[in-house]
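> Sequence first, predicted model second:
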Amino acid sequence: MTLKQLEYFLAIAETESITQAAEILHVSQPPLSLQLKALEDEFGVPLFERTRKGLTITQSGRLLEQRAQEIFELINMTINEVRSKTVSPRVEIRVGTVNSVSNRLIPSWIYSYKCSNPNVDIQVSEASTTDILFSLDEHKIDLGIVREPFAKTRYNYRQIHDEALGSHDSDCFVALADPGFYASFEGDTIPLSELRDFPLLLHRRYISMFTKYCKSCDFIPNIICKNNDVMSLLSWAKAGIGIAVLPYSSSLLNTDPHLVRKDIIDPIIPSRIYVVWNRDTELSPSAKEFLALISKGEDGKAEKEAPHV
């Protein structure tokens, strides 16, 4: 029994036709038939039943088919393992990220990094900041890309600079809505206090922080819809349900040119993006290099906290 015979046998088993198997293998039918007969003679059992409609694999043939597939899988695994001993070993970096970064920044980061590190695999998973920090605590990821607020005292962190922000250096919160909501407002900004009488749409994790800012302006926000997904907020705003309040970089996911975006001012509500990692874990050299690529500035202990409201 040879590997070539097993290859021929698997093609026949898949098609249940010597004619079709010959076409797939680019060989003529006579040698294919001879190789099949040689296998059956060697095992001493028929591998196929011959009928007027073609070939039907026997129980013995099914067993051989399973074993042949396992043999080729083992061969491929062996080839890959041997090759890995002669080339640089593959390394994996596990990254958890919020959606607004995954859609816009992650692809260019990975492309830049892979150009000089082809043997490093980057595994990316999207989740909320809360879930990313949980995965970090469980050591299921190496780096997390999250949005404040989060417990900065528990992690090492660096701020991520997003060139798409332009003048929105702190990634401040904005109000995004159908233009009908802004009939009385001109310009690109809106004071926070002017949102007091409007129906608002908000991500759940920002409710506590946003409410504190509103209370500092002497009102309780009218939050009529809450969820855990930015894309849903954008859909609700597009439907005219209310004004979506969200970070500027998250609003860049909006694809509807009809919606109007205004920066919230008096006060400005910051919401910066950070890359975080565990204090008790030493990053691999590859993870450190990826960290340097995506972040700017010093580690978290050197950065100032946002003022409390």
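Right, received. Where do you want to start? Residues are numbered from 1 along each chain as shown.
> contacts, neighbours, all on C-alpha from now
Will do.
> So, low pLDDT: which residues of the protein?
Scanning the chain for pLDDT under 70 picks out the ranges 84-89, 162-170, 296-309.
> Break it into its domains for me.
Domains of the chain are assigned by automatic domain parsing as 3-86, 91-160+272-302, 173-265.
> Tell me the buried residues in stretch 50-64?
Buried residues in stretch 50-64, counted by 16 or more other Cα atoms under 10 Å: 55-57, 61, 64.
> Span of it from start to end?
Using Cα to Cα, to the nearest Å, the end-to-end distance of stretch 50-64 comes to 18 Å.
> starting at the chain centroid, how far to that stretch?
On the basis of Cα atoms, centre = their mean, to the nearest Å, the separation between the geometric centre of stretch 50-64 and that of its chain is 45 Å.
> Now do the same contact list for N99.
Counting by Cα atoms under 8 Å, 6 or more residues apart in numbering, N99 makes contact with 126-128, 230.
> So which of the residues you listed belong to strands?
Among these, the members found in strands (DSSP state E) are E126.
> Now, of the contacts of N99, which are buried?
A residue is treated as buried here by neighbour count (16+ other Cα under 10 Å); on that basis the buried members of the contacts of N99 are 126-128, 230.
> what would these look like in TSV with distance to K152?
Conversion of the buried ones among the contacts of N99 to TSV gives the following (distance: Cα to Cα, whole Å):
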residue	distance to K152
E126	21
A127	19
S128	16
V230	23
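> which one among those gets closest to G187?
For the buried ones among the contacts of N99, the closest approach to G187 (Cα to Cα) belongs to V230, at 24.8 Å.
> Could you list which residues are in contact with that closest one?
Contacts for V230 (Cα under 8 Å, 6+ apart) come out as 99, 203, 250.
> Now render these as JSON lines, adding secondary structure.
Formatted as JSON lines, those follow (DSSP: H, G, I helix; E, B strand; the rest coil):
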{"residue": "N99", "secondary structure": "helix"}
{"residue": "H203", "secondary structure": "strand"}
{"residue": "S250", "secondary structure": "helix"}
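> any idea whether N156 is helix, strand or coil?
In terms of secondary structure, N156 is strand; the call rests on three-state DSSP.
> What distance do you get for it to V101?
In this structure, N156 and V101 are 19 Å apart, going by Cα to Cα.
> For burial, what's the neighbour tally of I18?
22 (other Cα atoms under 10 Å).
> T281 too?
Neighbours around T281, by other Cα under 10 Å: 10.
> Tell me the spacing between it and Y155.
10 Å.
> next one: K114
Distance, K114 to Y155, by Cα to Cα: 27 Å.
> Show me where this protein has its strands.
Per DSSP E, the chain has strands spanning 48-51, 54-57, 91-97, 120-126, 143-147, 155-159, 173-177, 189-191, 200-203, 223-227, 243-247, 260-265, 273-278. These are given in chain order.
> Quick check: which helices or strands does the fifth one pack against?
This means strand 143-147. With contacts taken as 3 or more Cα pairs under 8 Å, 6 or more residues apart in numbering; DSSP states H and E, strand 143-147 sits against strand 91-97, helix 129-137, strand 273-278.
> Over to the last one?
Strand 273-278 is packed against helix 129-137, strand 143-147, strand 155-159, with contacts defined by 3+ Cα pairs under 8 Å, 6+ apart.
> And the first one, by the same measure?
Counting contacts by 3+ Cα pairs under 8 Å, 6+ apart, the secondary-structure elements packed against strand 48-51 are strand 54-57.
> same thing with the third one?
Other helices and strands packing on strand 91-97, by 3+ Cα pairs under 8 Å, 6+ apart, are strand 120-126, helix 129-137, strand 143-147, helix 285-294.
> Go through that strand and flag the buried ones.
Within strand 91-97, the residues scored as buried using 16+ other Cα under 10 Å are 93-97.
> Kindly export that strand (C-alpha atoms) in CSV.
Output of strand 91-97 as CSV, limited to C-alpha atoms (Å, rounded to 0.1, in the frame of the first residue of the first chain):
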residue,chain,number,x,y,z
VAL,A,91,4.1,33.8,18.3
GLU,A,92,0.6,34.9,19.2
ILE,A,93,-0.6,38.2,20.7
ARG,A,94,-4.1,38.2,22.1
VAL,A,95,-5.9,41.5,21.9
GLY,A,96,-9.3,42.5,23.2
THR,A,97,-10.8,45.7,21.8
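> Who does it pair with, and is each partner parallel or antiparallel?
Paired strands of strand 91-97, with direction, are strand 120-126 (parallel), strand 143-147 (parallel) (DSSP bridges).
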